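> my questions concern the predicted model and sequence given below.
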Amino acid sequence: MALIRKKTGNFLEDFRLGQVFRHKGGRTLTEGLAAHFTDFSFTANPLHKNLRYARAYGYDALPIPPGLVMAVAFSQTVEDISENARANLEYIDMRFGASVYVGDTIETETTVLGVKSSSSRPELGVVHVQSVARNQTGKIVLAYQRKVQVFRHEPTAKLDLGDVAAAQIDVALELPVYDPSAGYAELAHLSNADTYFEDFNPGDTIEHSRGRVMTDEHIFLTGMLDNTSQVHCNQTMIDRDPSRYLGGKLVVFGGIPFTLCLGLSSPDISDNSLGDIVYRTGRHTAPIFSGDTVFASTEIIGKSDLSGRPDLGRLEVILRGHKFERSAGEEKRVEIFYLERALAVKRRSHYAKS
Amino acid sequence: MALIRKKTGNFLEDFRLGQVFRHKGGRTLTEGLAAHFTDFSFTANPLHKNLRYARAYGYDALPIPPGLVMAVAFSQTVEDISENARANLEYIDMRFGASVYVGDTIETETTVLGVKSSSSRPELGVVHVQSVARNQTGKIVLAYQRKVQVFRHEPTAKLDLGDVAAAQIDVALELPVYDPSAGYAELAHLSNADTYFEDFNPGDTIEHSRGRVMTDEHIFLTGMLDNTSQVHCNQTMIDRDPSRYLGGKLVVFGGIPFTLCLGLSSPDISDNSLGDIVYRTGRHTAPIFSGDTVFASTEIIGKSDLSGRPDLGRLEVILRGHKFERSAGEEKRVEIFYLERALAVKRRSHYAKS
Amino acid sequence: MALIRKKTGNFLEDFRLGQVFRHKGGRTLTEGLAAHFTDFSFTANPLHKNLRYARAYGYDALPIPPGLVMAVAFSQTVEDISENARANLEYIDMRFGASVYVGDTIETETTVLGVKSSSSRPELGVVHVQSVARNQTGKIVLAYQRKVQVFRHEPTAKLDLGDVAAAQIDVALELPVYDPSAGYAELAHLSNADTYFEDFNPGDTIEHSRGRVMTDEHIFLTGMLDNTSQVHCNQTMIDRDPSRYLGGKLVVFGGIPFTLCLGLSSPDISDNSLGDIVYRTGRHTAPIFSGDTVFASTEIIGKSDLSGRPDLGRLEVILRGHKFERSAGEEKRVEIFYLERALAVKRRSHYAKS
């Protein structure tokens, strides 16, 4: 007879260089999950919500938007990698692959690339990992690295410090075939007229007009991704030791402002995109709490041809999220999110009436 | 290089008489959207949630209830018509057509019928429009007019004042065929026994017994409809200038109390209905905020035969919504919603054991 | 002309011994409902969310987890049985039968087994019922008894006091066939490695590590089950007479902590289970309100063979839920839920690499 308290997740000292985690659970994308985690974010691209439009582009079903693919694949790694994390530090080289649809099942595995200790805060360290998410046929849908700040459980435990090289992952965005007879122009009124590849000018910054407050709904949104991190949902744990946690209250899971910033920017940036190619680097620069209104802006930093696809261009941007903090009548703009992003954007010459 | 702030939506001076908007996005109804926006409202009619029952009535799938059809079709017009509105003034001659199912795609277009300025509040005016929503085969699912109070952007901008005639829209509620061998009576226990056509008496008013508080969930419910109006979700915008907005706080999208009043009334009025025919006129008579409990009552105003359908009758009612405001211990009943509504209701003689 | 206030639900004096209610509505399980009511609870068993895994076990679709089957079947009885209840007292002999999938329709009927008056509180009494839920083919998916504390409407109304015998209901958990060639071991990384039948020791108690705060979302979750009880959603009703209601505020529907405790315990208890066999007895020992964080623990009380299934074992446990109440800096653990539960659990010898 025993009273058993199982440890969940790993602490800094548990990670071994080169160790591979095949994460539990897996997740089949349903219409319920897709509606919930897409709709909260104001995603504007008709590809993700208008089946008549998606079919004209050669899809049999509504493709899942990149924010949800990311959030599902990321959340599957939480229990093993970041359940005992203080903060996620950086997303690195996040590349999209095969299209994902309702009915597809995503499973993820993660390799430990690095473990570092912190000199200033010995109770913390940094774990660097590489994760690969595949669908039920084994095709890669997302591959990325991330760095995460993890708590140490035993102050004197030995760490497996160091780095190993990341594997080269062969992954490239799957794009629908361009079909000159598809009648794209007849559907052009369903997306914005001024967001084709030709419309973007490097150097410009677009302040997206809309904002969206996050409420306690973040707890449900996070749970539905099977993200088990307790800092998003265990109010009693926070109340017992508020100073240990960011802001001393439940913090919103980063995948939510990530997806929301993508959504808020979509009418101006991606509603004529056929997909996100890569997020070179990204980070949460300040936490979000229930009650914060999230805004976004996008800086256009580059344009180039997309090899083999004269109908598309590669657009390079920086997506930033921000909120406004108000105290003593003064309002301060606080950056909350930073993402270097490349998209495959349709050219007006090929998709809309000239 | 430029800092770009795109204007979203149209202001009073942007509307041209006779102008046609083909709205962006479109929307395929999924099981996620249907569950969410039907279930919050306590809709009781088994047609919308029991597939065994719906099949006995000749449907291959669960038909989408009228409140959701309305909310989706309406929300698609928001960015172009009412993103910069202060309030929706009136729904006019809202007629239902083809049945809508999960998997159907709804797209909407709107014609400007009238523009009026306000003498007392020069920063405001009224826009009168006609909207038509179609499914992926081109069949009309909903057609209606509405009047909306819209902000002027430039105080001295020229307005295209006046009126043009509404188009005659040929739309009639699609009804399942009556099949005497279908065994309806064996399923009669699944709906109320006292809500057949024979049971209603013009002049009676039914106070529906249930109430339902609206919480911050309204923000999610509104966003999932692609309704982009900022007065429902941008807390920062409200905080900056509360006096500009109704009640000085986030206001609940009218489609929510509209649908909720339909739902609260359904056990007494429409759980033996085969569909809503027309909403002759409707309006929100007071705003709803998070924390308000919504109630409803229905006044029976008329009954008539439905041409060609001896199994059904046409029921005319007024649906009213209300809430209670409490101050200094006193409770005041406040009407929030008014809708003149006609339904096609089953006759006991044809659908239930006598 | 009349003002009609229909009574909803039954009061103590309305119940007749042996009376049978064929409940209204019925409910087809959709992907929207399944996502919502499964995901909020952190259910870990891959059978309910990974279609690749479920197919390997012989299912054509994701089976619905027991918590949702229970919540739907239970909620269908609320209007007739417990809309006017003060509290649900006990679940008795709750047995699962046929597997339930998205697309299945559940309908429920209930027989009155007993009516008892209360000597100390004459405005209350106890109603004892037996409910049976079937799918669209007539197969039983759940059968159970419950006792509920119901308000009397007229203080002097005559009661039909007494008891009648419960019907013998032939129901047993439907289990997928064991197929030695199915390659179960290749999927074993998707569930925990230490929750096979061999791993449990009677006498042990496992404190499940995670907690989950319930927010106002409970109102939506309850409504989506067609649970019409006003104590969960009618704030105005509570405000008018708080002392009449548990805690003087909206109380969370018991099906929510029930399902949440099942979910919180699942990584340690049931992620290698093929189904819940029976809940012998269960009760809510304290109410839950918005803002409470729910925790759970499980005591292992017995193990036995499962007849005809050498690949499985029968695990007997007690699942307890609790929350922490804090006042004056002191934290008190309060039990909120008690459930005697038997599960069919996989043996490592048959499902995982040795």
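Here it is on my side, so go on.
> how about the helices in chain A?
A:31-39, A:51-56, A:66-75, A:217-223, A:235-240, A:255-269, A:348-351 (DSSP state H).
> could those helices go into a markdown table alongside mean pLDDT, mean neighbour count and distance to A:Leu187?
The C-beta positions use only the backbone N, C-alpha and C, and glycine is treated the same way. Formatted as a markdown table, the helices of chain A follow (pLDDT from 0 to 100; neighbours: other CB atoms under 10 Å in any protein chain shown; distance: least, CB to CB, whole Å):
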| stretch | mean pLDDT | mean neighbour count | distance to A:Leu187 |
| --- | --- | --- | --- |
| helix A:31-39 | 89 | 26 | 20 |
| helix A:51-56 | 96 | 20 | 5 |
| helix A:66-75 | 96 | 25 | 21 |
| helix A:217-223 | 94 | 24 | 31 |
| helix A:235-240 | 93 | 18 | 47 |
| helix A:255-269 | 97 | 26 | 17 |
| helix A:348-351 | 97 | 17 | 9 |
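> point me to the residue of the stretch 1-150 of chain A nearest chain B.
Taking CB to the nearest CB, chain B has its nearest neighbour within the stretch 1-150 of chain A at A:Ala35, 2.4 Å off.
> distance of the nearest residue to that residue once chain neighbours are set aside from A:Pro63?
Using CB to CB, 6 or more residues apart in numbering or on different chains and skipping residues adjacent in sequence, the residue nearest A:Ala35 is B:Gly32, 2.4 Å away. The spacing between B:Gly32 and A:Pro63, counted by CB to CB, to the nearest Å, is 15 Å.
> ok, now A:Thr195?
Distance from A:Thr195 to A:Pro63, by CB to CB: 18 Å.
> and if you look at A:Val69?
9 Å.
> could you tell me which residues touch both of the two?
Common neighbours of A:Val69 and A:Pro63 are listed as A:Val100 (criterion: CB atoms under 8 Å, 6 or more residues apart in numbering or on different chains).
> right, and A:Ser304 touches A:Arg314 too?
Yes: the pair A:Ser304 and A:Arg314 qualifies as a contact (CB atoms under 8 Å) at a distance of 4.8 Å.
> neighbour count winner among these two?
A:Arg314 (18 against 10; other CB atoms under 10 Å in any protein chain shown).
> next up, the contacts around that one.
Here A:Arg314 is in contact with A:Ile277, A:Lys303, A:Ser304, A:Asp305, A:Leu306, A:Ala342, A:Leu343, A:Ala344, A:Val345 (CB under 8 Å, 6+ apart).
> enumerate the residues of the stretch 51-200 of chain A near chain C.
A:Gly103, A:Thr105, A:Glu107, A:Gln136 (CB under 8 Å from any CB of the partner chain).
> bridging residues for the second one?
Pointing back at A:Thr105 there. Beta bridges link A:Thr105 to A:Thr28, judged by DSSP bridges.
> distance of it from A:Ala73?
Taking CB to CB, one finds A:Thr105 at 12 Å from A:Ala73.
> cool, the last one as well?
Relative to A:Ala73, A:Gln136 is positioned 14 Å away (criterion: CB to CB).
> pretty sure A:Arg333 is touching A:His322, no?
Yes: using CB under 8 Å, A:Arg333 is in contact with A:His322, at 5.4 Å.
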